[in-house]
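J.: this one's sequence-less:
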């Protein structure tokens, strides 16, 4: 059965999944880049994001790599796709990732504002879904053709899927960083009550990796 | 200079410092005992709490042990002293720890309800402070005679001292446990804004240990 998975989603010690005040210069919010030190150091991210062979292998990389295994489609909240809020002024914004994004599969972007699909190089097509989380998941599962669907975030979208118990597995990295403000991943989400438990727990010098699984 | 330190304070993956619904049978709130697995396994806690030689040494124990070094007095919130709320019905409640509590130094209990000091065996005296956090700290510092003051908790009391920037150092353990509800340690506390940074980060199979220091 195709799973809905969150992978390599990083939170700070004080529980925030992104810094405050996201904009064009701060795609991860102010201070958000420091969260992802563990990920940027890995072979997987260096290769995927920068086509570089410079990253490290090891536990951090193992977690980064598993996030790309058996993924047939992605779902992203609109704020992960870009900094623009409200109606699309035009179609010039094509994501943060250049002409050949890291996904290489269909990506379903949740938004309140319709927009035609955006075909990119390398197999990525962004589809804009205005009918909500359930429809996005349905379409993503269909597009994934039996593979899993990876939910990229952000915090609000993950919370919506968690409250519906639709997420099967979440790999969360806790980075040794304080953000102080932003969106707290587990605010208003009672994980044990929703049936989630911590099924894996491994730490490195750069992050504590946990896997939460639906029981 | 005598420091105010939080030591071995454990939070869950979802950020809670104790489970909900503390009572006589659940001194740490429902589910709260699971938080402290790392601590109960250490030589230090086995010795201090149960006078047993059965605990483990290693990183977890190093953190447990440092919490008792150079401590001349403690401050506790009233809920850490016992499950009774409101005025003291009588003086029969003498803490969770039997006749010879683990402290062996003066302990200042924050409460809204006056009560005479309680002299226990082994050097522990509980003083009940009704004049608030600043007076408790002043009295604890005086009693500590140049040694540090350890702040035991709970969450609300730690938050009050954090907001006043009175805590110098906090060792927090993050346990691989989900609580779902309770009191969240970092709710409404913007640590970077208050001048705190993560200065140490070490993990074991049982907990991620972090030290937050005032800069």
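T.: Structure's in. What do you need? These figures come from a predicted structure and were not determined experimentally.

J.: contacting residues for residue A:48?
T.: Shown in contact with residue A:48 (Cβ atoms under 8 Å, 6 or more residues apart in numbering or on different chains): A:68, A:102. Quick note: C-beta positions are derived from backbone N, CA and C, even for glycine.

J.: Might you calculate how far the host helix or strand of it sits from the centre of the chain?
T.: Taking DSSP states H and E as the definition, residue A:48 sits inside helix A:43-50. Between the centre of helix A:43-50 and the centre of its chain there are 16 Å (Cα atoms, centre = their mean, to the nearest Å).

J.: Burial check on whatever residue of chain A ends up closest to chain B, number of neighbours?
T.: Of the residues in chain A, the one nearest chain B is residue A:203, at a distance of 2.8 Å by Cβ to the nearest Cβ. By other Cβ atoms under 10 Å in any protein chain shown, the residues close to residue A:203 number 23.

J.: my guess is it meets residue B:203, correct?
T.: Yes: Residue A:203 lies in contact with residue B:203 (Cβ atoms under 8 Å); the separation is 2.8 Å.

J.: For beta bridges, what are the partners of the residue of chain A closest to chain B?
T.: Taking DSSP bridges as the rule, residue A:203 bridges to residue A:208.

J.: What of residue A:6?
T.: Assigned bridge partners for residue A:6, using DSSP bridges, are residue A:170.

J.: mind checking pLDDT for it?
T.: Per-residue pLDDT puts residue A:6 at 98.

J.: do you know how far it is from residue A:116?
T.: Counting by Cβ to Cβ, to the nearest Å, the gap from residue A:6 to residue A:116 is 28 Å.

J.: Which one's more surrounded, the two?
T.: Shown here are residue A:6 and residue A:116; by other Cβ under 10 Å, residue A:6 has more neighbours (24 against 9).

J.: Could I get the contacting residues of the more buried one?
T.: Going by Cβ under 8 Å, 6+ apart, residue A:6 touches A:150-151, A:153, A:158, A:167, A:169-172.

J.: got JSON lines for those, with pLDDT and neighbour count too?
T.: Output for those, formatted as JSON lines (pLDDT from 0 to 100; neighbours: other Cβ atoms under 10 Å in any protein chain shown):
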{"residue": "A:150", "pLDDT": "98", "neighbour count": "26"}
{"residue": "A:151", "pLDDT": "98", "neighbour count": "28"}
{"residue": "A:153", "pLDDT": "91", "neighbour count": "20"}
{"residue": "A:158", "pLDDT": "97", "neighbour count": "24"}
{"residue": "A:167", "pLDDT": "98", "neighbour count": "23"}
{"residue": "A:169", "pLDDT": "98", "neighbour count": "17"}
{"residue": "A:170", "pLDDT": "98", "neighbour count": "23"}
{"residue": "A:171", "pLDDT": "98", "neighbour count": "20"}
{"residue": "A:172", "pLDDT": "98", "neighbour count": "23"}
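
J.: and the two most separated of these?
T.: The most widely separated members of the contacts of residue A:6, counting by Cβ to Cβ, are A:153 and A:169 (14.7 Å).

J.: Which helix or strand lies directly C-terminal to the helix or strand of chain A with the lowest mean pLDDT?
T.: Least confident helix or strand, chain A: helix A:32-35 with a mean of 81, by mean pLDDT, DSSP states H and E. Per DSSP H and E, the first helix or strand lying C-terminal to helix A:32-35 is helix A:37-40.
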